[in-house]
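S.K.: Fold the following.
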Amino acid sequence: MSSDRFRSVVATEPLVLRVALTVVALAFLGLFLLLPLAVVFGEALRRGVTAYFEAVSHPETWAAVKLTLLAAALAVPLNTAFGLCAAWAVAKFEFRGKSVLMALIDLPFTVSPVVAGLMFVLVFGLQGWLGPWLDRHDLHVVFAVPGIVLATVFVTFPFVARELIPLMQVQGREEEEAAVVLGAGPLQVFWRVTLPNIKWALLYGVILSNARAFGEFGAVSVVSGHIRGQTNTMTLHVENLYNEYNFVAAFAVASLLACVALVTLVAKSLVEAVEGFTRRSGSVRGGRSSA
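M.R.: Predicted structure coming up:
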């Protein structure tokens, strides 16, 4: 349906229906999005700005922030590389096991994060399959930083791949094949043909993956051991503070996560706006050149 036809259909809808749908949508957003955000920031500042900054500057809070940043900084690049490779393989080639690869990519969407954490404990824990060997070599995965990173990688790795696969399937292989015929090497094909065509979807997937890494709770809760100042991420630190009835500090740390969510929404909107502007500019230039 074209945009003009869509506007004409909308214009024929009764005014009462349009107003009612708008009110319902705004009420839903206010109740489930704006009100919780207001409660978080209101509770965080309930005792004043001084108490707020004391909570967010506490050494344990900084340790949780640093661990969360480290987990995201390691997981997102790994998943970006995996997503590119997986999307290229699925979209550009036919091979046995393709459906299995697609199912594995979707696995974190279907498995509970808590179950994922338990799987890592069964594999890397002291009583797990690799636990005795790791213990003999003084290597620690579960209840240590590597376990946090592995759990974060697991829950975030579908996002980049799932953003790229549909786009690359629609684009097909014609442009890459033409570049190869003209003498371009694999790296030239990737940097000059493939990457420019997928850059916005790639950036969007990276943003979603990073947001998921910051907000993960279930999987990291199982593998972390809740060691204060060592294996507590921001989400786990919020839980500990709340369970200790330190509500102001809990909401203060939660407000940092809320700020990350807001920044993610802004980044997502900017990417969509820039992508739309780029497409419109390309269409205008294409129309002028054809004219």
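S.K.: Quick check: phi and psi on the residue nearest the centre of the chain?
M.R.: The residue lying closest to the centre of the chain (C-alpha atoms, centre = their mean) is residue 209, at 2.2 Å. With angles defined as degrees, to the nearest 10, residue 209 sits at phi -60, psi -40.
S.K.: One more: residue 94?
M.R.: Per degrees, to the nearest 10, the backbone of residue 94 is at phi -110, psi 130.
S.K.: can you point me to the longest helix in this protein?
M.R.: Across the chain, the longest stretch assigned as helix under DSSP state H is helix 247-290.
S.K.: Give me the next element, helix or strand, following the lowest-mean-pLDDT helix or strand in the chain.
M.R.: Of the helices and strands making up the chain, the lowest-confidence element is helix 3-12, at a mean of 52, by mean pLDDT, DSSP states H and E. Downstream of helix 3-12, the next assigned helix or strand under DSSP states H and E is helix 15-29.
S.K.: okay, that next one in PDB with CA atoms only?
M.R.: Output in PDB follows, covering the C-alpha atoms of helix 15-29 (Å, rounded to 0.1, in the frame of the first residue of the first chain):
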ATOM      1  CA  LEU A  15     -12.500  10.800  14.300                       C
ATOM      2  CA  VAL A  16     -13.800   9.100  17.500                       C
ATOM      3  CA  LEU A  17     -12.000   5.900  16.600                       C
ATOM      4  CA  ARG A  18      -8.700   7.700  15.800                       C
ATOM      5  CA  VAL A  19      -8.800   9.600  19.100                       C
ATOM      6  CA  ALA A  20      -9.700   6.500  21.100                       C
ATOM      7  CA  LEU A  21      -6.800   4.500  19.600                       C
ATOM      8  CA  THR A  22      -4.400   7.400  20.200                       C
ATOM      9  CA  VAL A  23      -5.600   7.700  23.800                       C
ATOM     10  CA  VAL A  24      -5.200   4.000  24.400                       C
ATOM     11  CA  ALA A  25      -1.700   3.900  22.900                       C
ATOM     12  CA  LEU A  26      -0.600   6.900  25.000                       C
ATOM     13  CA  ALA A  27      -2.100   5.500  28.200                       C
ATOM     14  CA  PHE A  28      -0.400   2.200  27.600                       C
ATOM     15  CA  LEU A  29       3.000   3.900  27.100                       C
END
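S.K.: Good, wrapping up.
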